[in-house]
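Could you work out the structure for the sequence below:
(chains A and B)
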There are 2 protein chains.
Amino acid sequence: MSALYHVVGVDMGATNTAFGIVDARGTILSQNNIHTGKYSTGEEYAKVLSNAIKLLITKNNLNNEIKGIGIGAPNGNMHTGAIENAVNIPWANGRTVPLAKIITEETGLSCKLTNDANAAALGEMIYGVAKGMKDFIMITLGTGVGSGIVSNGNLIIGHDGMAGELGHVTVIKHNGRPCGCGRSGCLETYTSAVGVAKTAREYLSLHPNDTSLLREIIYRPITSKDVFEAAEEGDKLAIKVFAFTGRILGEAFCDFITFSSPQAIILFGGLSHASNYLLDPLQKAIDDNVMKVFRGKTQILFSQLKGAEAAILGASALAWE
Amino acid sequence: MSALYHVVGVDMGATNTAFGIVDARGTILSQNNIHTGKYSTGEEYAKVLSNAIKLLITKNNLNNEIKGIGIGAPNGNMHTGAIENAVNIPWANGRTVPLAKIITEETGLSCKLTNDANAAALGEMIYGVAKGMKDFIMITLGTGVGSGIVSNGNLIIGHDGMAGELGHVTVIKHNGRPCGCGRSGCLETYTSAVGVAKTAREYLSLHPNDTSLLREIIYRPITSKDVFEAAEEGDKLAIKVFAFTGRILGEAFCDFITFSSPQAIILFGGLSHASNYLLDPLQKAIDDNVMKVFRGKTQILFSQLKGAEAAILGASALAWE
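Below is the predicted model:
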């Protein structure tokens, strides 16, 4: 009777791949890690990962009791099960690697794959604050800005499996910041952790007479964590940096709401720890700018899943589908 | 055997309501009209419409052979079947009218209702250029700009039934044109028929030395039709007006593509007749600005359904669902 009541979730980052066995209640029974980038081909990585997963299953006496494997991966395409040109992973840079297919061949288990933010959205819907919601948007605020959009209970993946790149809507049309995607003015360049650090450095140089704890950091580049810690000390400039970030996010959310009218927008990832400093300006930007018909309808929530576990849970959610 | 192989489509405009009996191949067998706005209550309108529909069905000997009624209406909410605060219809201004419910009571037929652009999207999917597509966006370019978004074969209607207001994404953040929605800088203010006429008037006053056929129109306000006709005569200023319009549309489409990665964006409505002048600048704006992963993937198409029939067909498509 325990058969099919467990799944494997794989959170594949550029450096490290964490994976675990998850039960239907969202408890991670057992987990492990392998390196991601150090293999010379995607095939080699896939085989090492498959063996490590099989070992974990055997160790937990769950052979023949696993429903499937779900993977959240950079540039993961849900239609094809492949990783498409993930520039930060040497073996996937400029290449398409049919990861799900290889893992199924190696493990005998069905395997689904999608990008990290889509996996996080599924995790939130099954185990997190979006439980019971059919229309919501997940925004991941990390080194970059990712998104997973759920409409009527289903992920929006588009005709090519690659939809939901809301970190790359254009928020500043002229003289916007250059983005890693090759364009400029993308939401990500202002509201990722990297963007917050950049805003702080800009504010410091634009307002040379404003005192700030951040001016003491001279021996290395300022990070978003520095800005958060300064804000926690009551540093006015740091608080202004988050207010700017929240406003840019809120204005972008008004357009997202216009598109899919979600019940909630859920923030996840490193920056969401700064919720105290982000939420008020973000909410104000929405209240000031959203179309009247949508006013007061969309909640802004923060993920309650613990960082390290959330990604595995999110990926595992794919395997229940 | 002909039972359930016919539906009724109702295209409700602010002034006129057109309705017709449609067969499964998308042929309108018979149609009629009533006024929309002249009744004092929504109930009165709904009863007159119900009687007119029943009469049309009887005349065509199709009693007991109608699967249902589909209505495309301003501010129609698919979840509730009601018209919510349609400002241009006196009996629905500031009120919620449960139109679908009343019509079902009066006719004994199931009745579904959605906004005009969603109905147009369904019509395009069943009878038009989106046949066979599961992911596309319909943009209606008329007095206003509406949208219907289809993802994985389903309309995106959001948690409140009101999603897909892409005419009201903000395209100009500072000093944008005032919009009927109470905000400013909305896509609609630049790319609707009204927006095109406004752009023409702005160009004429900003470039007083440029000759243009449009300068001959002095006894009444310039319309988008004037701009189209001038463009057809080779008028350079008129052609520039469409180039500007196409660029604004194309830049907005880049964000839409980022959201739902549609196979096509389909243009419908009065302005789409200016396709020759809109398409090149629109396509160029997409090619220049869209995220690399989506480049060359989304087709820009024009509806091939005939204007007067398309709205009835679109609404009728709801009744097959």
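
how near is A:D116 to chain B?
Computed as CB to the nearest CB, to the nearest Å, the A:D116 to chain B distance reads 15 Å. In this view, the C-beta of every residue, glycine as well, is placed from N, C-alpha and C.

repeat for A:T170
In this structure, A:T170 lies at 6 Å from chain B, with CB to the nearest CB as the measure.

same question, A:T258
For A:T258, the distance to chain B equals 5 Å [CB to the nearest CB].

residue in the stretch 1-150 of chain A nearest to chain B?
Closest approach between the stretch 1-150 of chain A and chain B, counting by CB to the nearest CB: A:D135, at 4.1 Å.

Within range of chain B, give me the residues from the stretch 151-300 of chain A.
Contact residues, the stretch 151-300 of chain A versus chain B (CB under 8 Å from any CB of the partner chain): A:151-152, A:154, A:156-166, A:168-170, A:173, A:181-183, A:251, A:254-256, A:258-263, A:289, A:291-294, A:297.

quick one: A:Q31 and A:I312 touch, right?
Yes. Assessed by CB atoms under 8 Å, A:Q31 is found in contact with A:I312 at 6.5 Å.

what stretches of the stretch 201-321 of chain A score poorly on pLDDT?
Within the stretch 201-321 of chain A, the stretches with pLDDT under 70 are A:307-308.

Tell me where it has strands.
Secondary structure of the stretch 201-321 of chain A (DSSP state E, counting those that start in this stretch): strands at A:264-268, A:299-302.

CA atoms only for the shortest one, dumped as CSV, please.
Spelled out, it's strand A:299-302. Below are the C-alpha coordinates for strand A:299-302, written out as CSV (Å, rounded to 0.1, in the frame of the first residue of the first chain):
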residue,chain,number,x,y,z
GLN,A,299,-2.6,39.1,-2.1
ILE,A,300,1.2,39.4,-1.8
LEU,A,301,2.5,36.4,0.2
PHE,A,302,5.9,35.1,1.1
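
about what we covered before: which one's more surrounded, A:Q31 and A:I312?
A:I312 (25 against 17; other CB atoms under 10 Å in any protein chain shown).

give me the beta-bridge partners of the residue nearest to that one when sequence neighbours are not counted?
Counting by CB to CB, 6 or more residues apart in numbering or on different chains, the nearest residue to A:I312 once its immediate chain neighbours are dropped is A:G9, at 4.1 Å. Under DSSP bridges, the beta-bridge partners of A:G9 are A:G20, A:G70.

List the contacts of A:I89.
Applying CB atoms under 8 Å, 6 or more residues apart in numbering or on different chains, we find A:I89 in contact with A:A14, A:T36, A:G37, A:P74, A:I83.

quick check, the first one in a strand?
Right, A:A14. No. Counting by DSSP: H, G, I helix; E, B strand; the rest coil, A:A14 is located in no strand; its state is coil.

Kindly provide the distance from it to B:L166.
Plainly put, A:A14 is 34 Å away from B:L166 if you go by CB to CB, to the nearest Å.

what about these two, which has more around it?
Counted by other CB under 10 Å, A:A14 and B:L166 do not tie: B:L166 has more neighbours, with 28 against 16.
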